[in-house]
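**Q** Just the structure for this:
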Amino acid sequence: MSEISQEELNERVALLKKFRSLLIQQRAKFQEYLTVLEKQENSIETENSENLLAHTELEQQVVANIMNLQKVIVPMSELYKERGAHLEEESVTSIQKELDDLQKQVLVQNERNRELLKNHIVQIRTQIASLKNPYKNNRSVYAKKETVGSLVAVEA
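**A** Numbering: from 1, shown residues only. I've put the predicted structure just below:
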């Protein structure tokens, strides 16, 4: 094994620290996303549409943050493997394992929410289909069919 310079070592350590901090940030974002999904599930079950809308908007923001962070992590991961593949840092591998577990939990929760929403939509469609419009055959909402006389008696 060849000796590496202090500058190279410092660069690898800095790379490792930055990569680790990015992974920690992403783990926190996934944890936040999982929390939002769990609260969204409660909103779906209680049929609270206002909270559901708020959770959906928050979910979109968190997903956008995760995607932006992922754009940085992917090249950093490649650089980490290219430059410091022999630097097996336990904290990095444990964080990556936690990230994988969180991603799986997020996917499961997301699928559960999707199924709940599908069932809820089917329920709402059934309710809408069962509604009867009492004014369906009337020309106007205000028109009522009443019997009225058609002959007028005129006396002089």
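**Q** Could you use CA atoms for every contact and neighbour count after this?
**A** OK.
**Q** what's near enough to touch Glu41?
**A** 112-113, 116 (Cα atoms under 8 Å, 6 or more residues apart in numbering).
**Q** can you do 6 Å?
**A** Asn113 (Cα atoms under 6 Å, 6 or more residues apart in numbering).
**Q** what's around Ile124, how many residues?
**A** Neighbourhood size, Ile124 [other Cα atoms under 10 Å]: 12.
**Q** Please read the previous query as pertaining to Lys104.
**A** Neighbours of Lys104 using other Cα under 10 Å come to 12.
**Q** Could you check the pLDDT of it?
**A** We have a pLDDT of 86 for Lys104.
**Q** For Pro75, pull up the helix or strand it's in.
**A** According to DSSP states H and E, Pro75 maps onto helix 49-84.
**Q** packing partners for the helix or strand just after that helix?
**A** Next along the chain after helix 49-84, taking DSSP H and E as the criterion, comes helix 90-130. Judged by 3 or more Cα pairs under 6 Å, 6 or more residues apart in numbering; DSSP states H and E, the packing partners of helix 90-130 are helix 6-45.
**Q** that older thread, what mean pLDDT does the helix holding Pro75 get?
**A** pLDDT averaged over helix 49-84 gives 79.
**Q** Could you do stretch 17-33 as well?
**A** Rounded mean pLDDT across stretch 17-33 is 85.
**Q** Give me the contact list for it.
**A** Against stretch 17-33 from outside (Cα under 6 Å, 6+ apart): 92, 99.
**Q** burial count for Leu102?
**A** Neighbour number of Leu102 under other Cα under 10 Å is 19.
**Q** So for this protein, the centremost residue is which one?
**A** Glu59 (4.2 Å; Cα atoms, centre = their mean).
**Q** What distance do you get for that one to Asn51?
**A** According to Cα to Cα, to the nearest Å, Glu59 stands 12 Å off from Asn51.
**Q** just to revisit the earlier point, tilt between the helix holding Pro75 and helix 6-45?
**A** Taking axes from the mean of the first three to the mean of the last three Cα atoms, to 10 degrees, helix 49-84 and helix 6-45 form an angle of 160 degrees between their directions.
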